[in-house]
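Engineer: Give me coordinates for this.
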Amino acid sequence: MPKPADKEKNLAAIQQRAVAFAATTIETSNVGMGAEAIHHQPVVFLVPFPAQGHVTPMLHLARALAAHGVAATVAVPDFIHRRIVVSSSSSSAAGGGRAAAGGAEYGDVELASIPSGILLPEEHAAADPPGFAAIVHAMEHHMPAQLERMLLTTSSSSVRGGRVACLVVDVLASWAVPVAERWGVPAVGFWPAMLASYRAVAAIPELISKGIISDDSGAPVPSNQHGSDDGQEQVIRGLGILPAHLQLSTNELPWFVGDSATQKSRFAFWLQTLQRARGFRSVLVNSFPGEAGSAAAYADDDEGQLPGQGLRVLPVGPFVAGSNVVERAKGDGGFVVTASNDPQQQQLPCSKNPSMWQADSTCIGWLDAQPAASVVYVSFGSWVGPIGHEKIQELALGLEATGRPFLWALKKLPSWRAGLPGGYAERVAGRGKLVEWAPQEDVLRHDAIGCYLTHCGWNSTVEAIHHGVRMLCYPVSGDQFINCAYITRVWEIGLKLSSASRDGVRDCIEKIMDGAEGTHLQAQMNTLRRSIVTGEARRLAHENVKSFVNEIKRSKLPVIDADLQYFVGSL
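Structural biologist: Have a look, this model is predicted:
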């Protein structure tokens, strides 16, 4: 067995030889799909940040690339790999550390497990994932060497083409960028949210230079330098992050999370991320061309460059499960979507979203018994921390006060359910159903859903748009405030909760479900949904994916020396 020092020497030698051989290139040709052409099929590794809201769109991107002839592998930490569950039919086909993601439902996409060094007992499967600090430590100190071993194994194998052409790296998983650089493989960024939120992040250096935020924590600088808080907002608007008529306070910037100690560590993470992002060839964004709608004049949000970074941007989304769709009328005159038989619409194979929690499918039978467009669906997503016992209590009492049926995905952890009033479940039994986790795509497409009370996470937002469900917005942190601003002010497809009190919750639900404003929101939703799902925005996003794949296939790609496989067993 090689000694640790010998392993380090071997790894260093591999890296040096990989870089040297990166100068040796081959041309990719689509002509003649014989054995040699198949052997040279480009392999793309996709590396998401280890959270549900990042893994899900990355898997959908991998499916899109595979549909265009790329061998796609999504590499996730082992603790994520173990937690991902899909439908019972596909989960039975999954197995091993390198198994097809969701079986046939993900087509030619592999889900690879990267050892993370984080040990989670199996009995903790229902608990929340590791904390942010533990994840960052694993990404920085343990996973890079494991990814390099995986790249070497793939490059020395003919099973999937044997040629790693590109790494697609989640911007928040920037630890993989130095790996790509060491191996002479181009790295392309992937932002799993709106372009607007990335523009806000990319503006951090300029916000620091203008004295809007501090350079050590990203916290707002006292506004006396600008005359007032309004002065800060004017400076922010001047940077072109958002359309000029939108207000965004410094407390709602994406990186402003937690107490002062947490804020400093998170902001250091963002600064490192931005530094590494300079190594990207371009950035693929999980949003749609023209996301700013009628306010698009504030910035070139179709295909251009990020301010301060000079990176080319390609909107390629938004990705949702089962993206091949046609319209069908919903109970209240809205729309949901279903599978299309039209070859022009069948761009990707259908799939279900992966999940790190087992969904309670009994809620679908419960929805079947409810009147059309009558149910309020409530969910705060997979990664949002508890919003506090008092807010949970007020939300619960507000839902009860409406007298309407509701479905609430509420984790059974004490940090979430301790806020429920005593005897609450018994009082609302029959018209209120609480589940630990819901099959969200199935819920949102159901005819009984009338509105969605959401934290405004980007995946949840695009799923609501995809199924034509208007939203009641309760943003908590991160990019959710920017998403909320677009939902309520730019697209006008939802309302922001005016107050977290029980009366505020009740009044806003009544307004969105029955009022004239709710009718207007639904009309706006139908228009936006058609554009994103079946219209021009969808077509342009598809063309951007196709263009990206063609660039991979046309480029001069590094050839990894087959003799390097000698070192695999020594790592």
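Engineer: Now do the strands in the stretch 251-400 of the chain.
Structural biologist: Per DSSP state E, counting those that start in this stretch, the stretch 251-400 of the chain carries strands over the ranges 282-285, 312-315, 326-329, 335-338, 375-379.
Engineer: So, low pLDDT: which residues of the stretch 201-350 of the chain?
Structural biologist: Scanning the stretch 201-350 of the chain for pLDDT under 70 picks out 223-239, 293-310, 321-350.
Engineer: the helices in it, which residues?
Structural biologist: Secondary structure of the stretch 201-350 of the chain (DSSP state H, counting those that start in this stretch): helices located at 204-209, 229-238, 260-277.
Engineer: buried stuff in the last one?
Structural biologist: Of the residues in helix 260-277, those buried under the neighbour-count criterion (16 or more other C-beta atoms under 10 Å) are 263-264, 266-267, 269-271, 273-274, 276-277. The way it works is simple: take the backbone N, C-alpha and C, and place the C-beta from them, glycine included.
Engineer: What of the shortest one?
Structural biologist: When neighbours are counted by 16+ other C-beta under 10 Å, the buried residues of helix 204-209 are found to be 204, 206-208.
Engineer: Any chance of TSV for the helices of the stretch 201-350 of the chain, columns distance to His60?
Structural biologist: Shown next, in TSV, are those (distance: least, C-beta to C-beta, whole Å):
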stretch	distance to His60
helix 204-209	28
helix 229-238	32
helix 260-277	22
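Engineer: Tell me which of these lies nearest to Val168.
Structural biologist: Closest of the helices of the stretch 201-350 of the chain to Val168 is helix 260-277, at 13.3 Å (criterion: C-beta to C-beta).
Engineer: which residues sit in contact with Trp366?
Structural biologist: By C-beta atoms under 8 Å, 6 or more residues apart in numbering, the contact list for Trp366 reads 407, 433.
Engineer: Give me the neighbour count for the residue nearest to Gly478 when sequence neighbours are not counted.
Structural biologist: Distances taken as C-beta to C-beta, 6 or more residues apart in numbering put Pro254 closest to Gly478, at 5.3 Å, once the chain neighbours are dropped. Residues lying near Pro254 (other C-beta atoms under 10 Å) number 19.
Engineer: Distance check, Pro254 against Glu543.
Structural biologist: Taking C-beta to C-beta, to the nearest Å as the criterion, Pro254 is separated from Glu543 by 29 Å.
Engineer: Same question for Gln370.
Structural biologist: According to C-beta to C-beta, Gln370 stands 40 Å off from Glu543.
Engineer: Ala268 now?
Structural biologist: Ala268 sits 38 Å away from Glu543, going by C-beta to C-beta.
Engineer: Which one's more surrounded, Gln370 and Glu543?
Structural biologist: Taking other C-beta under 10 Å, Gln370 and Glu543 do not tie; Gln370 has more neighbours (20 against 13).
Engineer: Pull the contacting residues for the more buried one.
Structural biologist: Contacts for Gln370 (C-beta under 8 Å, 6+ apart) come out as 405, 448.
Engineer: residue ranges with poor pLDDT in this structure?
Structural biologist: Along the chain, segments meeting pLDDT under 70 span 1-40, 85-107, 120-128, 156-162, 223-239, 293-310, 321-356, 383-386, 556-571.
Engineer: quick check: domain ranges of it?
Structural biologist: According to automatic domain parsing, the chain comprises the domains 4-24+40-192+545-564, 196-319, 343-533.
Engineer: Distance to Arg539 added to those domains, as TSV?
Structural biologist: Conversion of these to TSV gives the following (distance: least, C-beta to C-beta, whole Å):
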stretch	distance to Arg539
domain 4-24+40-192+545-564	11
domain 196-319	9
domain 343-533	10
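Engineer: For Val164, give the beta-bridge partners.
Structural biologist: Beta bridges link Val164 to Val43 when assigned by DSSP bridges.
Engineer: doesn't Val47 make contact with it?
Structural biologist: No. Counting by C-beta atoms under 8 Å, Val164 does not reach Val47; the two are 11.9 Å apart.
Engineer: quick one, which of these two is more surrounded?
Structural biologist: Of the pair Val164 and Val47, Val47 is the one with more neighbours under other C-beta under 10 Å, namely 30 against 27.
Engineer: Look up phi and psi at that one.
Structural biologist: Note on Val47: its backbone torsions stand at phi -120, psi 100 [degrees, to the nearest 10].
Engineer: which residues touch it?
Structural biologist: Neighbour list for Val47: 58, 74-75, 147, 167-170, 173, 176 [criterion: C-beta under 8 Å, 6+ apart].
Engineer: farthest-separated two in those residues?
Structural biologist: That would be Met58 and Leu147, which, of those, are the farthest apart (C-beta to C-beta) at 14.6 Å.
Engineer: So for the two, which sits in the more crowded spot?
Structural biologist: Using other C-beta under 10 Å, the more surrounded residue of Met58 and Leu147 is Met58, with 26 against 22.
Engineer: so that one, which of the three states?
Structural biologist: helix (DSSP: H, G, I helix; E, B strand; the rest coil).
Engineer: Quick check: it vs Met194, distance?
Structural biologist: Going from Met58 to Met194 by C-beta to C-beta gives 16 Å.
Engineer: same check, this time on Glu543
Structural biologist: 20 Å.
Engineer: now do Pro42
Structural biologist: 29 Å.
Engineer: cool, Pro315 as well?
Structural biologist: As judged by C-beta to C-beta, Pro315 and Met194 stand 10 Å apart.
Engineer: Overlap in contacts, the two.
Structural biologist: Counting by C-beta under 8 Å, 6+ apart, the residues touching both Pro315 and Met194 are 285, 287, 291.
Engineer: If you rank those by neighbours, which is first?
Structural biologist: Among the shared contacts of Pro315 and Met194, Val285 has the most neighbours (other C-beta under 10 Å), with 31 neighbours.
Engineer: contacting residues for that one?
Structural biologist: Residues in contact with Val285, defined by C-beta under 8 Å, 6+ apart, are 190-191, 194-195, 198, 313-317.
Engineer: Swap in 10 Å and give it another go.
Structural biologist: Listed by C-beta atoms under 10 Å, 6 or more residues apart in numbering, the contact partners of Val285 are 171, 189-199, 291, 301, 303, 306, 313-318, 541, 544.
Engineer: Show me just the buried residues among the residues you listed.
Structural biologist: Among the contacts of Val285, those classed as buried by 16+ other C-beta under 10 Å are 171, 189-199, 291, 301, 306, 313-318, 541, 544.
Engineer: Isn't Leu253 up against Ile482?
Structural biologist: Yes. Using C-beta atoms under 10 Å, Leu253 is in contact with Ile482, at 8.7 Å.
Engineer: residues shared between the contacts of the two?
Structural biologist: Residues touching both Leu253 and Ile482 (C-beta under 10 Å, 6+ apart) are 197, 200, 241.
Engineer: Quick check: the first one vs Ala51, distance?
Structural biologist: Right, the one you point to is Ser197. Ser197 sits 15 Å away from Ala51, taking C-beta to C-beta as the criterion.
Engineer: Then the last one?
Structural biologist: Relative to Ala51, Ile241 is positioned 24 Å away (criterion: C-beta to C-beta).
Engineer: which one of the two has more residues nearby?
Structural biologist: Ranked by neighbour count (other C-beta under 10 Å), Ile241 and Ala51 place Ile241 first, with 24 against 19.
Engineer: and that one, what does it touch?
Structural biologist: Contact analysis of Ile241 by C-beta under 10 Å, 6+ apart lists 196-203, 206-207, 248, 253, 298-299, 307, 482.
Engineer: same thing but at 6 Å, please
Structural biologist: Going by C-beta atoms under 6 Å, 6 or more residues apart in numbering, Ile241 touches 199-200, 203.
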